Structure formats: structure tokens, C-alpha cells
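A.B. asks: one predicted model, sequence on top.
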Amino acid sequence: MSKIIVTGGAGFIGSAFVRLLLKGLSPSEASGTVPKVVVIDKLTYAGTLERLKEVEGKFAFYKTDICDNKKIEAIFTKEKPEIIVHFAAETHVDRSIVDASPFIDTNIKGTQVLLDLSKKYRINRFVHISTDEVYGDIEKGKFNEESPFKPNSPYSASKAAADLLIKSYIRTYNFPAIIVRPCNNYGPWQYPEKLIPVIISKALQNKRVPVYARGQNVREWLYVDDCAEAVYSVMQKGKPGEIYNIGSAQEKRNIEVVKEILNILDKPQSLIEFVKDRPGHDIRYALDFRKIKKLGWSPKVNFKSGIKQVVSWYMNHKNIF
């Protein structure tokens, strides 16, 4: 296994990927002077090393902002990575609507810092975690990897900009980057600002459950461990210069997700409170992910069993955040 730097490795999806990478490694194998996995994370409000407790001692960790060129270069110089897997990002659409600045800084400028250093230190592979939201929304059909960009929030615009920057490096410098675009992830350890953990948290406290508009927006849901395995497959088998959608073919209207969670918790639907819709709210996302299937990956966890696992996890970790 090559030396891998994982940015955002203490975040929701990044930590799932780090746990996957380190499964089966003993502390002695991974805690020497030259560890195989290096995690860089700023540890913002949504990042926590608690997510990596089960693999503690198996990776090197740097609490660093990816926008800090000098500190990131010092890590590159010391660790001599061969592969970069770039999860670090500001990701919450609602926050981007209130203040886009952190999204521009981390998602665009931070990505540029990593690209320039990766080019300078001649890394072998750069895997960038993007989002299906760069395509905008689609009422019918599915987006493929060649679909045009139509981002509708400051968050998705910042991710689209990062994708375009990476594509320019691929073309101009023959840079060995691969872009992946996952659909909506859910699972244990997700910070309670996204739909599913918010609903679970509110319902467990018998509080009103907020649902935008009438809850008719459609999302494609992917269990976080499935996403981590997809990224791993791309890292191992993906072709530099290519883009891979990571989908699940499991579409749900938001109101269906909310009602499913309430049913699992045996809570009344009277807790649902419809609130004013989010500005620019995308109506539906759906991905054609036949391309990544050719690498041998496909999602394993169906939504019905996955959401039960997630609800159970939050019931057992009520004060985790």
C-alpha cells in the first residue's frame, strides 16, 4: 500500500474512508516513523477525531488548514506521500447561503494549494471528492459524467469551481487526478445539520421536525461505508483524468425519509413542521453510475436496512456531538 494523505479524514465521509483503509492493520504496522496513512484535518465544528477512535495509533495526524501553503508543504516534505485523497471541504448548503466565504476559501483555494504541492512533489494519484450537486437538479432522467454543470448554491458552485480547476490541471500539466461525484451520503457519525441526523435528533427529543416546503425534493441516498468503498475502488483502479459518479439508485422524497425515521422511532407524524423552502432548493438529484460499476463496485446497503442501522446508532450515541 502506498503512502496516502487523506484530507478531511476526521470528517463524516473522510473518516469512513480512513477506517476502511486501516482495517486489519495492527498498531505496529501503521505507527512507525513512516506511517502509511496521514490524516490532515482542520477540525472545524463538523470534524472530530472521535470518528477515528477505533483506528487510533494507526495513522499520523496533522491539525492543519489546507489553505495554509507553508504548513501543508511541510507535511508533504516530511511524509512524502504518493497518493492524495481529498475530502476536506465545507459542505453544508444552508451555511453557504448565509456566508459563502469559507466555501470559497476551503473548497477552491485549499484545493489549489493541494494541487500545486501535489504537482511539485510529483504525487502518483490525486483523488478529489466532489458532489452530484455540481450538475444542478434534474426532473427526469439521470446525470452522467459528461452532463454540464449547473450549480445552484454557493456550496455547489465552489465544488464545481474546484472540479474545473482540477480538470485544467489534468489538461495543462497532465496531472494524475481523478474526480468522484457521490450522491447524498448518510450513516453513523454524520454531524446533525444534514437532513437525516437532524430528523433523528429532533424526534428523539420529541421536538418539531423541520421539513422544507412540502418535502417533495428527491435525493439519492448512499450509505457512507459504500461511498468509502467506491472511493477506494477509484483510488485503486480508476483511470487518471476520468470522472466517476457514485450513485445508489435509491431515490426518496424528503418527506418519505422523514416518515420512515418517525416510524422506526415510533414517533407521531404530528411532529412534522413544514417550513419555508431554502432559496434555490434543487428539486431532484439522480446519477447514472454505470461507469464506476465497471471497476467492480456497486452499493451493498439498501436504504431500508441502512436507515434502521443509522437510527439505532444515534439512539446509542445521543450526546456524541
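C.D. replies: Thanks, I have the structure now. Numbers count the residues shown, from 1 in each chain.

A.B. asks: run the chain-centre distance for the top helix by length along the chain.
C.D. replies: Of all the segments assigned as helix in the chain under DSSP state H, the longest by residue count is helix 154-173. Between the centre of helix 154-173 and the centre of its chain there are 16 Å (C-alpha atoms, centre = their mean, to the nearest Å).

A.B. asks: tell me which strands and helices the following helix or strand past it is in contact with?
C.D. replies: Going down the chain from helix 154-173, the next helix or strand is strand 177-182, by DSSP states H and E. Judged by 3 or more C-beta pairs under 8 Å, 6 or more residues apart in numbering; DSSP states H and E, strand 177-182 is in contact with strand 125-129, helix 154-173, helix 224-237, strand 243-246. In short, each C-beta sits where N, CA and C put it, glycine included.

A.B. asks: Asn319 is nearest to which of the ones you listed?
C.D. replies: Proximity to Asn319, assessed across the helices and strands packed on strand 177-182 by C-beta to C-beta, is greatest for helix 224-237 (20.9 Å).

A.B. asks: tell me the mean pLDDT for the closest one?
C.D. replies: For helix 224-237, mean pLDDT rounds to 97.

A.B. asks: and that helix, which residues are buried?
C.D. replies: By neighbour count on 16 or more other C-beta atoms under 10 Å, the buried set for helix 224-237 is 224-235.

A.B. asks: nearest to Val311 among those residues?
C.D. replies: The shortest approach to Val311 among those belongs to Val224, at 14.4 Å (C-beta to C-beta).

A.B. asks: that closest one is in contact with Pro188, isn't it?
C.D. replies: Yes - because the distance of 7.5 Å satisfies C-beta atoms under 8 Å, Val224 is recorded as touching Pro188.

A.B. asks: of all the helices and strands packed on strand 177-182, which one comes closest to Lys194?
C.D. replies: helix 224-237 (11.3 Å).

A.B. asks: what comes into contact with the closest one?
C.D. replies: Surrounding helix 224-237, the residues in contact under the criterion C-beta atoms under 8 Å, 6 or more residues apart in numbering are 4, 12-13, 16-17, 19-21, 83, 85, 125, 127, 129, 178, 180, 182, 185-190, 244, 246, 248, 292, 295-297, 299-301.

A.B. asks: so which of the residues you listed are in strands?
C.D. replies: Using DSSP state E, the members of the contacts of helix 224-237 that fall within strands are 4, 83, 85, 125, 127, 129, 178, 180, 182, 185-186, 244, 246.

A.B. asks: pick the one among those residues closest to Lys252.
C.D. replies: Nearest member of the ones in strands among the contacts of helix 224-237 to Lys252, counting by C-beta to C-beta, is Tyr186, at 10.3 Å.

A.B. asks: quick check, the closest one in contact with Ile307.
C.D. replies: Yes - with contact defined as C-beta under 8 Å, Tyr186 counts as touching Ile307 (7.3 Å).

A.B. asks: in contact with Ile13: list those residues for me.
C.D. replies: Applying C-beta under 8 Å, 6+ apart, we find Ile13 in contact with 87, 129, 182, 185, 224, 227-228, 231.

A.B. asks: output the helices and strands packed on strand 177-182 in JSON lines, with distance to Thr64 appended to each entry.
C.D. replies: Formatted as JSON lines, the helices and strands packed on strand 177-182 follow (distance: least, C-beta to C-beta, whole Å):
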{"stretch": "strand 125-129", "distance to Thr64": "18"}
{"stretch": "helix 154-173", "distance to Thr64": "18"}
{"stretch": "helix 224-237", "distance to Thr64": "21"}
{"stretch": "strand 243-246", "distance to Thr64": "27"}
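
A.B. asks: where does the protein have low pLDDT?
C.D. replies: Applying pLDDT under 70 to the chain picks out residues 1, 24-35.

A.B. asks: what residues of stretch 240-254 count as buried?
C.D. replies: When burial is assessed from 16+ other C-beta under 10 Å, stretch 240-254 yields the following buried residues: 243-252, 254.

A.B. asks: how about those in JSON lines, adding distance to Arg208?
C.D. replies: Shown next, in JSON lines, are these (distance: C-beta to C-beta, whole Å):
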{"residue": "Ile243", "distance to Arg208": "40"}
{"residue": "Tyr244", "distance to Arg208": "39"}
{"residue": "Asn245", "distance to Arg208": "35"}
{"residue": "Ile246", "distance to Arg208": "33"}
{"residue": "Gly247", "distance to Arg208": "32"}
{"residue": "Ser248", "distance to Arg208": "29"}
{"residue": "Ala249", "distance to Arg208": "32"}
{"residue": "Gln250", "distance to Arg208": "27"}
{"residue": "Glu251", "distance to Arg208": "26"}
{"residue": "Lys252", "distance to Arg208": "21"}
{"residue": "Asn254", "distance to Arg208": "16"}
